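*Asks:* Sequence and predicted structure, then a few things I'm wondering about:
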Amino acid sequence: MRITLALLLAAVATPAVAETVYVSNEKGNSITVIDAATLKTVATWPVGKRPRGIILSRDGKQLYVCASDENAVQVIDRATGRVIADLPSGEDPETFALSPDGKLLFASNERDATVTAIDVVGRKVAFQVVVGVEPEGMAVSPDGRFAVSTAETDNALHWIDIAAQKEVGVTPVDDRPRHAEFTKDGKALWVTAEIGGTLQIVDPATRKVVETITFAPPGVNAAQILPVGVRFTPDQKTALVALGRANTVAIVDVATRKVTSYVPVGRRVWHLAITPDGARAFAANGLSNDVSVIDIAAAKVLATIPAGIAPWGVAIAP
């Protein structure tokens, strides 16, 4: 009886973990703030024009948002929801990635075909590298050695040596690469090809494609399968891939590299984020102006939450 009572008291004393979800609304010029425990919108924050890429700072206190039509990366204080700084970038920044230490932010500038390395602390440009035409996705290797840009028009990955501050390699991939994501151990780079309709796995050691994953959601026309965002669960066992106008998220077993499930979601699912416990994903649906909450183990949608106009990116803070 004493043991049972002690466990009960401990459970009551321990607060439930409640994450906060942040969704960038490309045409709404805003960030939708969602309480992950209640699955309710708790705030809408105004930001600069055409917000797309969105990530959390390493210390969790700030959000970085690509305000594409402002040619800037905006820094948002999570405590107040206010924009506290505009970091310089190139023209039309779309997405970005942080260095492992959080000191450099790499932004892909779609209009001027460059990648800008931003000194986050100094709030200034550290260096800039010319890459392929229409750079879209960004990834930084876990060891902090390389930044990788996906060039949509060139159908290639461009590898930047961070220490040398220059491009050191190019990897041909399928048509219109959109997003790149390293595995935690840095031994593989997963890259989506929107027009190619595929996800390709690149060996960073050789910078060559070693495997291609295709998708076939039931009842979906092949022309609608446009892979964009990809994220791994924290245990690295599962990957989720947003399939664009297929209105579907694919669940992939990382070890076998096989699709295990398809989850129908809202219209034109673009990017997504996964909760720290790996149980749920929040997917931004750009044409239905909402967010789908996915139970990953059950491979089903738990809830649909209204967002702003044209939700694009998602970030989750514990």
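*Replies:* Noted; the coordinates are in hand. Note that the structure is a prediction, hence the values are computed from the model and not measured.

*Asks:* now Asp59: how far from Thr183?
*Replies:* Distance, Asp59 to Thr183, using CB to CB, to the nearest Å: 24 Å. Quick note: C-beta positions are derived from backbone N, CA and C, even for glycine.

*Asks:* between those two, which one's more packed in?
*Replies:* Ranked by neighbour count (other CB atoms under 10 Å), Asp59 and Thr183 place Thr183 first, with 16 against 7.

*Asks:* what about the nearest residue to the more buried one once chain neighbours are set aside, distance to Asn25?
*Replies:* The shortest distance from Thr183 to any non-neighbouring residue, by CB to CB, 6 or more residues apart in numbering, is to Gln236 (6.1 Å). Taking CB to CB as the measure, Gln236 falls 30 Å from Asn25.

*Asks:* same thing with Lys300?
*Replies:* From Lys300 to Asn25 the distance is 25 Å (CB to CB).

*Asks:* What of Ala79?
*Replies:* Ala79 is 21 Å from Asn25, by CB to CB.

*Asks:* More neighbours: which of those two?
*Replies:* Using other CB under 10 Å as the criterion, Ala79 and Asn25 rank with Asn25 on top: 25 against 8.

*Asks:* Would you check that that one makes contact with Gly313?
*Replies:* No. Contact between Asn25 and Gly313 fails when scored by CB atoms under 8 Å: they sit 9.4 Å apart.

*Asks:* what do the two both touch?
*Replies:* Pro51 (CB atoms under 8 Å, 6 or more residues apart in numbering).

*Asks:* what about the strands in the stretch 101-250 of the chain?
*Replies:* For the stretch 101-250 of the chain, the strands defined by DSSP state E, counting those that start in this stretch occupy 104-109, 114-119, 124-130, 135-140, 146-151, 156-161, 166-172, 177-182, 189-193, 198-203, 208-214, 230-232, 238-242, 248-253.

*Asks:* Surely Leu98 and Arg58 touch.
*Replies:* Yes. Assessed by CB under 8 Å, Leu98 is found in contact with Arg58 at 6.5 Å.

*Asks:* out of these two, which sits in the busier spot?
*Replies:* Using other CB under 10 Å as the criterion, Leu98 and Arg58 rank with Leu98 on top: 19 against 14.

*Asks:* Which residues does the more buried one form beta bridges with?
*Replies:* Leu105 (DSSP bridges).
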